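A.B. asks: build me a model:
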Amino acid sequence: MRAVSSSTPSIQPKTGAKLRPAAFRLAWGKGFVLPVMLILLWQLVGSLELISKTVLPAPLDILLTFRDLIVSGELFTHLGISIQRAALGFFLGAGLGLLLGLVIGFSKIAEDYLDPSLQMLRTVPHLAVTPLFILWFGFDELSKVLLIALGAFFPVYINTFSGIRGVDSKLFDVARVLEFHWLKQVTKLILPASLPNILLGIRLSLGVSWLGLVVAELMGSSAGVGYMIMDARQFSQTDKVFVGILIFAAVGKLTDSFVRILEKKCLGWRNSYQGNKK
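C.D. replies: This is a model prediction of the structure:
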């Protein structure tokens with residue numbers, strides 16, 4: 001009779017295990033390699049004056065302009081107004097998108113009556129409806145917030161709807177065996193299963209909100225980062241234009257990173273593929 005081995009089998013680490021601090025710093029640093037190389041090449045081209053500063057200012061000139069805008073307080077004034085507009089538009093549009101996504105996702109009748117019209121409106125570009133928003137709401141803050149909300153609405157709505165309808169039907173069989181009532185099915189089964197899609201919709205919606213903010217501030221505002229860019233363009237201050245573009249990119253990246261951290265916190269139960277590290 002063969003003896004039974006008493007050795008404990010080795011436990012394999014999860015695919016989604018957290019990186020150690022050193023490995024995390026290494027992974028984070030790899031993302032800076034290409035941008036740093038491009039900036040060094042850009043500065044070299046600017047220093048040799050191969051391209052006019054009016055067309056493409058050197059990174060050092062942009063950095064000096066950025067410092068001057070901070071010292072004067074102009075940058076914080078415009079940035080504060082832009083963040084307020086983007087936040088109001090995002091919460092309004094994403095909130096309505098989440099609400100309608102839940103309603104239409106749970107109801108086949110609501111889908112038949114509402115979804116075709118919403119899908120048709122989704123294909124209309126921002127620039128096409130901008131003149132209508134100006135005619136209806138003028139150049140005040142309301143038109144800008146509503147234009148941002150329009151763009152923020154659809155990513156959340158579509159992903160919420162798709163997440164609910166994408167729940168595996170076999171889970172409902174398990175819910176019936178466990179005798180879950182309808183409310184418990186929603187809170188314990190449907191919403192947790194559709195949460196990855198909902199968070200993806202929020203992440204996309206934040207990006208679209210910043211795109212909508214640019215369009216909104218270019219249509220006749222008197223303050224904001226978009227206005228600062230337009231004003232600098234009229235006076236051929238290209239370095240100031242680049243500062244505005246970098247501000248949009250940096251704030252957009254920060255908001256996206258915030259949602260990714262939220263995803264890791266809320267979806268820690270997933271053991272999904274993280275990519276080949278070799």
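
A.B. asks: which helices and strands does the top helix by length along the chain pack with?
C.D. replies: In terms of residue count, the longest helix belonging to the chain (DSSP state H) is helix 74-106. For helix 74-106, the packing partners by 3 or more C-beta pairs under 8 Å, 6 or more residues apart in numbering; DSSP states H and E come out as helix 59-72, helix 108-122, helix 141-165, helix 191-217, helix 225-234, helix 238-266. Using the backbone N, CA and C atoms, a C-beta is placed for each residue, glycine as well.

A.B. asks: and residue 161, what does it touch?
C.D. replies: The contact partners of residue 161, by C-beta atoms under 8 Å, 6 or more residues apart in numbering, come to 101, 104-105, 111, 115.

A.B. asks: specify which member of those is nearest to residue 167.
C.D. replies: residue 105 (9.3 Å; C-beta to C-beta).

A.B. asks: pretty sure residue 208 contacts residue 153?
C.D. replies: No. Taking C-beta atoms under 8 Å as the definition, residue 208 is not a contact partner of residue 153, at 9.0 Å.

A.B. asks: give the contact list for residue 200.
C.D. replies: Residue 200 neighbours (C-beta under 8 Å, 6+ apart): residue 159.

A.B. asks: can you tell me how far it sits from residue 149?
C.D. replies: According to C-beta to C-beta, to the nearest Å, residue 200 stands 19 Å off from residue 149.

A.B. asks: do the same with residue 191
C.D. replies: Distance of residue 191 to residue 149, given as C-beta to C-beta: 24 Å.

A.B. asks: more neighbours: which of these two?
C.D. replies: Set residue 191 next to residue 149 and count neighbours by other C-beta atoms under 10 Å: residue 149 wins out with 22 against 16.

A.B. asks: tell me which residues in the longest helix of the chain are buried?
C.D. replies: 75, 78-79, 81-82, 85-90, 92-94, 96-98, 100-102, 104-105 (16 or more other C-beta atoms under 10 Å).

A.B. asks: go on, stretch 44-55?
C.D. replies: Buried residues in stretch 44-55, counted by 16+ other C-beta under 10 Å: residue 46.

A.B. asks: return the alpha-carbon coordinates of it using PDB.
C.D. replies: Taking Å, rounded to 0.1, in the frame of the first residue of the first chain, the C-alpha atoms of stretch 44-55 are listed here in PDB:
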ATOM      1  CA  LEU A  44      17.300  69.600 -28.600                       C
ATOM      2  CA  VAL A  45      15.300  70.700 -31.700                       C
ATOM      3  CA  GLY A  46      14.200  73.800 -29.900                       C
ATOM      4  CA  SER A  47      17.600  74.700 -28.700                       C
ATOM      5  CA  LEU A  48      19.100  74.400 -32.200                       C
ATOM      6  CA  GLU A  49      16.300  76.600 -33.400                       C
ATOM      7  CA  LEU A  50      15.400  74.200 -36.200                       C
ATOM      8  CA  ILE A  51      11.700  75.100 -35.800                       C
ATOM      9  CA  SER A  52      10.300  78.500 -35.000                       C
ATOM     10  CA  LYS A  53       9.100  79.100 -31.400                       C
ATOM     11  CA  THR A  54       5.800  80.300 -32.700                       C
ATOM     12  CA  VAL A  55       5.200  77.000 -34.300                       C
END
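
A.B. asks: this completes my enquiry, with thanks.
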